[in-house]
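> dropping a prediction and its sequence here:
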Protein chains: 2
Amino acid sequence: MKIGALAGRSGLPIKTLRYYEDLGLLPAVGRSEGGYRLFGEESLRRLEFIRRLKSLGLTLDDIHECLAVHDAGELPCGDIQRQLQRQIDLVDERLRELRLFRRELQSLLQNWQSDPAPNTAVICPNLNV
Amino acid sequence: MKIGALAGRSGLPIKTLRYYEDLGLLPAVGRSEGGYRLFGEESLRRLEFIRRLKSLGLTLDDIHECLAVHDAGELPCGDIQRQLQRQIDLVDERLRELRLFRRELQSLLQNWQSDPAPNTAVICPNLNV
DNA sequence: CTTGACTCTCCTCCCGTGGGGAGACTCTAA
DNA sequence: TTAGAGTCTCCCCACGGGAGGAGAGTCAAG
């Protein structure tokens, strides 16, 4: 299977497939005499796996590690579980930050005066800066 | 005041000041005979303003617009108010996305099996992909 | 006048995930 | 054999906000 066929069947752009191969995520089984990449059927399963993990917030580096475990003949479930737990922790942290940030913005707007007295010592009297 | 003095008094790196000047955020009052940028005292106020708006999540482009209003002799309070409201809307949207995402991750981990039966048709039996 | 600190411009690089295009080559069907 | 579609490598671009460094010129104190 050449790269265009794999792109068609997987729904991913050719550029993405080449990029994944460069990163070592998607090894080609070889090259044609003219230098065209050749992929096997298992590439489709690999791409589904990559797509799913990406949708769960893992980076391509994270996914690379999981695939390395798989390629070593082991189940990557434990690694994925750890990555997902870390992902939840990151989301929780981000949620805390965003809630705090929202409160700050809201309290500023609460007392906002659309037409305050100009003050030459500051640029925006509402922010006092 | 040369750029090093402004960096020291504002606490910002020289590189940042040059970058802001390139963007038109921080006009220098002129150049010395040797070509050194010269800044006035009002640059410090400007930098405080920029720092504050950055901390509220505005991009340098947004800030540029606010400063343009100020430089035109008007109060930028209305523009800033609109930007902050937009910022709240973005935060709310992001919060919704993150909460949804967290539920997806959590429900996956809920039923996770650390040591499932290998399945040659998939890479990770827990994800079924 | 010298010396050391300061500043100048210009260039590349970072993060992540590719997109866009040039110019050259290869494959396949008629 | 030839046309047209497919593919190759290589390079720059995006976002946002600078960081790092090279090589050269400038300023101020002693």
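Arrived safely, thanks for sending.

> which parts of chain A sit against DNA strand D?
When proximity is defined by Cβ under 7 Å from any atom of the strand, chain A lies next to DNA strand D at A:2, A:3, A:4, A:5, A:7, A:14, A:18, A:34, A:35, A:36, A:37. From N, CA and C alone the C-beta is placed, and that goes for glycine too.

> repeat that for 6 Å
Counting by Cβ under 6 Å from any atom of the strand, the residues of chain A lying close to DNA strand D are A:2, A:3, A:4, A:5, A:14, A:18, A:35, A:36, A:37.

> in what helix or strand does the fourth one lie?
When you say that, I think you mean residue A:5. helix A:3-10 (DSSP states H and E).

> please state the offset of that helix from the chain centre?
Relative to its chain's centre, helix A:3-10 lies at 22 Å (Cα atoms, centre = their mean, to the nearest Å).

> ok, stretch A:45-65 next?
9 Å.

> hang on, residue A:21 packs against residue A:29?
No: counting by Cβ atoms under 8 Å, residue A:21 does not reach residue A:29; the two are 11.1 Å apart.

> the two: which is more packed in?
Each of residue A:21 and residue A:29 has its neighbours counted (other Cβ atoms under 10 Å in any protein chain shown); residue A:21 has more, 16 against 12.

> mind checking how far the more buried one is from residue A:107?
51 Å (Cβ to Cβ, to the nearest Å).

> same question for residue A:77.
45 Å.

> also residue A:28?
56 Å.

> which of the two has more residues huddled nearby?
residue A:28 (18 against 10).

> excluding its backbone neighbours, what's nearest the more buried one?
Nearest residue to residue A:28 in three dimensions, chain neighbours excluded: residue A:37, at 4.3 Å (Cβ to Cβ, 6 or more residues apart in numbering or on different chains).

> over to residue A:41?
Nearest to residue A:41 is residue A:1, by Cβ to Cβ, 6+ apart, at 7.5 Å.

> again with residue A:91
residue B:102 (4.9 Å).

> check contacts around the one you found.
Residue B:102 sits next to A:88, A:91, A:92, A:95 when contact means Cβ atoms under 8 Å, 6 or more residues apart in numbering or on different chains.

> identify the residues contacting the second one.
In other words, residue A:91. Per Cβ under 8 Å, 6+ apart, neighbours of residue A:91: A:57, B:98, B:101, B:102, B:105.

> what of residue A:52?
Counting by Cβ under 8 Å, 6+ apart, residue A:52 has contacts B:127, B:129.

> ok, and residue A:92, which helix or strand is that part of?
Going by DSSP H and E, residue A:92 is part of helix A:77-110.

> give me the buried positions along that helix.
By 16 or more other Cβ atoms under 10 Å in any protein chain shown, the buried positions in helix A:77-110 come out as A:77, A:79-81, A:83-84, A:87-88, A:91, A:95, A:98, A:101-102, A:105, A:108.

> so that helix versus helix B:77-110, what angle?
Interaxial angle, helix A:77-110 versus helix B:77-110 (axes from the mean of the first three to the mean of the last three Cα atoms, to 10 degrees): 160 degrees.

> phi first, then psi, for residue A:37.
phi -70, psi 140 (degrees, to the nearest 10).

> so how far is residue B:105 from it?
As judged by Cβ to Cβ, residue A:37 and residue B:105 stand 34 Å apart.

> also residue A:53?
Taken as Cβ to Cβ, the span from residue A:53 to residue B:105 is 12 Å.

> mark which of the residues of chain A next to DNA strand D are buried, thanks.
For these, buried by 16+ other Cβ under 10 Å: A:3, A:37.

> ok, and which of the residues of chain A next to DNA strand D reach DNA strand C?
Answer for the residues of chain A next to DNA strand D near DNA strand C (Cβ under 6 Å from any atom of the strand): A:35, A:36.

> fine, thanks again, bye for now.
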